[in-house]
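K.L.:
got a sequence here, can you model it:
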Amino acid sequence: MKVTLIGIDLAKNVLQICGVNQAGKTLFNRTVKRTQLLKTLVQYPDAVIAMEACSGSNYWGRELMSRGYEVKLIPPQHVKPFVKGNKNDRNDAFAICEAAMRPNIIFVKPRTLAQVDIIISHRIRERRIRVRTALTNQIRGLLSEYG
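P.N.:
This is a model prediction of the structure:
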């Protein structure tokens with residue numbers, strides 16, 4: 001049968017991909033090295049790609065969308081109820097497929113590079129403010145020792 005949905009569990013060096021058909025039957029669930037992911041997915045040009053929304057999923061989502069794939073990112077709290085058994089990459093990839101097949105699941109779009117740039121600048125600014133505030137409080141505490 002034809003693979004209609006591929007769930008990808010992202011990790012550092014090895015990714016777990018799970019392919020299911022229209023009936024929801026698992027056709028494969030295997031590990032793929034990061035460098036081999038695009039070569040593997042070329043075999044399934046019509047498949048919808050589902051991933052758990054995280055920082056790496058935005059990059060892969062943009063990359064796959066530029067190659068013509070339909071990409072669905074699922075917030076992690078919507079995937080967790082579908083994990084069967086122990087939490088491992090294999091079960092997580094299957095849970096992503098299960099969640100993506102549900103009709104009421106809310107999907108998010110991958111962030112654009114402009115959005116990522118804005119988020120990074122906000123996070124850096126917030127961190128600098130936190131550090132500045134902590135340093136100010138520490139100096140105030142030390143100076144209070146002198147009255």
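
K.L.:
C-alpha only now, for contacts and for neighbours.
P.N.:
Noted.

K.L.:
domains for the chain, by residue range?
P.N.:
5-101, 112-146 (the TED database).

K.L.:
show me where the chain has its helices.
P.N.:
37-41, 55-66, 76-79, 89-101, 113-144 (DSSP state H).

K.L.:
mean neighbour count, those: which tops it?
P.N.:
Mean neighbours per residue, mean count of other CA atoms under 10 Å, is largest over the helices of the chain for helix 89-101, with a mean of 24.

K.L.:
which secondary structure elements does that one sit against?
P.N.:
Helices and strands touching helix 89-101, by 3 or more CA pairs under 8 Å, 6 or more residues apart in numbering; DSSP states H and E, are strand 5-9, strand 14-20, strand 26-33, strand 48-52, strand 70-74, helix 76-79.

K.L.:
burial count for R67?
P.N.:
12 (other CA atoms under 10 Å).

K.L.:
would you turn the helices and strands packed on helix 89-101 into JSON lines with distance to T133 and mean pLDDT?
P.N.:
Below are the helices and strands packed on helix 89-101 laid out as JSON lines (distance: least, CA to CA, whole Å; pLDDT from 0 to 100):
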{"stretch": "strand 5-9", "distance to T133": "39", "mean pLDDT": "95"}
{"stretch": "strand 14-20", "distance to T133": "40", "mean pLDDT": "94"}
{"stretch": "strand 26-33", "distance to T133": "43", "mean pLDDT": "93"}
{"stretch": "strand 48-52", "distance to T133": "35", "mean pLDDT": "95"}
{"stretch": "strand 70-74", "distance to T133": "36", "mean pLDDT": "95"}
{"stretch": "helix 76-79", "distance to T133": "33", "mean pLDDT": "90"}
